[in-house]
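S.K.: Sequence plus predicted model, see below.
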Amino acid sequence: MQIWMRYDVIVVGGGMAGMTAAMYARRAGKRTLVLEAQAYGGQILPAGEVENYPGVPGATGAGLSQALEEQLDRLGAERKHARVTGVQTEAGGFLVRTDGANDFHAARVILAVGVRRRRLEIPGEERLTGRGVSWCATCDGNFFRGRQVAVAGGGNTAVQEALHLSVICERVWLIHRRDTLRADAWLTERMRQAGNIVFVPGVIIREVLGDAAVEGLLLAPANSAAHKSGNPPTDFTTACESGNPSTDSPLREFGNPFADSGRAARFPAPASAPARQPETGRIPHAAVGGKRTSAEPEAHTTPANSGSPSPAGAPAIAAEASGPLAVTAPTVLRVSALFEAVGMLPQNQPFADLVPLDKNGYFLVGEDCRTPVPGLFVAGDCRAKAVRQLVSAAADGAAAAMAATED
């Protein structure tokens, strides 16, 4: 492993906290290197609109990130793409190890490694990642224009993803395991105003269904034995296709989903409920939700032996309602994509031998961003704290860099 030149400050992570720390370190005249394993910008990168950062109303996440990168370049900070695998103390500072061809020396190190998106860890998720399962509506939402999609989660990120998708998709189903959303009030109000976002509370996603691509989700009530039972799943629109839903139908208060002539003109419903074809066990695409009709190629189909617990006949799901939707039994929701927004996981384990972690894996470090190791600092969402916002990440970066350059 080649050891490269020595730096005054190495910042591990190129998100808001990391780039702010590098900016402050460079302005203090320190030779500064930023190491980022993926794309610069971190969690803010896919945001379609940033409304909670002072002075930049209407900025996009990508635009804000690009502006920070350009600012670092003008200041003379160095940026490299490398995954840091560990930090070791040595005489005069630290050895920063990477998975690339080079390691680096530094007198001071700032860990701004951020967090990564949590996964549901359910059947079908990994297999259909990139085929309808996504963690970025801004990145992948346009692939599902005019179709029905689902978002999993109940916080600000989940509602923001749903709002972005509501502009380009026919209908967005926001699925949350709790009965109420945790998102800010202004976001939930915007969700209500969108008109095509349906909240599905108290529900877990048990499986992602589909063969070559996402065709639907198997849902079950949360905090009950229903999702563990072997009862066959019902379908949201089995009773509604006739326009006479039964009292047991989850859509009983919403009526015929195709009754709105304006919507029907934009998103035509199939002429009849498309049944699974007996010779192949496949479901015509019109049953999956979206704009295609049964006459089009069956690009997203489920073989009979795939194990996907889909009912024999399932028309497209398009409830004309924006209020909460009750799920009282295992149920198949037909969508073309699932966007997950169910929380974050810290990336701190490679540094646990140097900095103590709390029970959730976050660095146990105070507001001064100092660790028990002299010369080692942490900043941003990887730190145990009550507030994780853009402004707090930037504040952490500034605090850590000022401490690093003053020591």
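M.R.: Thanks, I have it. Please read all numbers here as calculations on a predicted model, not as lab measurements. Residues are numbered from 1 along each chain as shown.

S.K.: Quick check: next helix or strand after the least confident helix or strand in the chain by mean pLDDT?
M.R.: In the chain, the helix or strand scored least confidently by mean pLDDT, DSSP states H and E is helix 261-266, which has a mean of 31. Using DSSP states H and E, the helix or strand that follows helix 261-266 in sequence is strand 331-333.

S.K.: Partner strands of that next one, with direction?
M.R.: strand 216-221 (antiparallel), strand 234-235 (parallel) (DSSP bridges).

S.K.: Mind putting those strands into JSON lines with distance to E406 and mean pLDDT?
M.R.: C-betas here are computed from N, CA, C, even on glycine. Listed next are those as JSON lines, based on distance: least, C-beta to C-beta, whole Å; pLDDT from 0 to 100:
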{"stretch": "strand 216-221", "distance to E406": "52", "mean pLDDT": "94"}
{"stretch": "strand 234-235", "distance to E406": "64", "mean pLDDT": "44"}
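
S.K.: Among those, which comes closest to P54?
M.R.: Nearest to P54, of all the strands paired with strand 331-333, is strand 216-221, at 38.7 Å by C-beta to C-beta.

S.K.: Can you give the distance of the closest one from its chain's centre?
M.R.: 19 Å (C-alpha atoms, centre = their mean, to the nearest Å).

S.K.: Can I get that strand as PDB, trimmed to CA atoms?
M.R.: Taking C-alpha atoms only, strand 216-221 is exported to PDB below (Å, rounded to 0.1, in the frame of the first residue of the first chain):
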ATOM      1  CA  GLY A 216     -47.000  -5.400  -6.100                       C
ATOM      2  CA  LEU A 217     -46.600  -5.600  -2.400                       C
ATOM      3  CA  LEU A 218     -47.900  -8.000   0.200                       C
ATOM      4  CA  LEU A 219     -49.300  -6.000   3.100                       C
ATOM      5  CA  ALA A 220     -50.400  -7.000   6.500                       C
ATOM      6  CA  PRO A 221     -51.700  -5.200   9.600                       C
END
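
S.K.: Buried ones in it, by neighbour count?
M.R.: 216-221 (16 or more other C-beta atoms under 10 Å).

S.K.: hey, where'd the strands end up in the stretch 51-200 of the chain?
M.R.: Along the stretch 51-200 of the chain, counting by DSSP state E, counting those that start in this stretch, strands occupy 78-81, 84-90, 93-98, 102-111, 115-117, 133-134, 148-152, 171-175, 197-200.

S.K.: how about the ones you listed in TSV, adding mean neighbour count, mean pLDDT and distance to G41?
M.R.: What follows is the strands of the stretch 51-200 of the chain, written out as TSV (neighbours: other C-beta atoms under 10 Å; pLDDT from 0 to 100; distance: least, C-beta to C-beta, whole Å):
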stretch	mean neighbour count	mean pLDDT	distance to G41
strand 78-81	16	95	12
strand 84-90	16	95	17
strand 93-98	20	95	20
strand 102-111	23	96	17
strand 115-117	16	87	14
strand 133-134	24	91	17
strand 148-152	28	98	22
strand 171-175	28	97	25
strand 197-200	23	95	27
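
S.K.: Nearest to P57, out of those?
M.R.: strand 197-200 (23.6 Å).

S.K.: Show me what the closest one packs onto, helices and strands only.
M.R.: For strand 197-200, the helices and strands in contact under the criterion 3 or more C-beta pairs under 8 Å, 6 or more residues apart in numbering; DSSP states H and E are helix 156-168, strand 171-175.

S.K.: what's the angle from the longest helix along the chain to strand 102-111?
M.R.: Across the chain, the longest stretch assigned as helix under DSSP state H is helix 390-406. Interaxial angle, helix 390-406 versus strand 102-111 (axes from the mean of the first three to the mean of the last three C-alpha atoms, to 10 degrees): 110 degrees.
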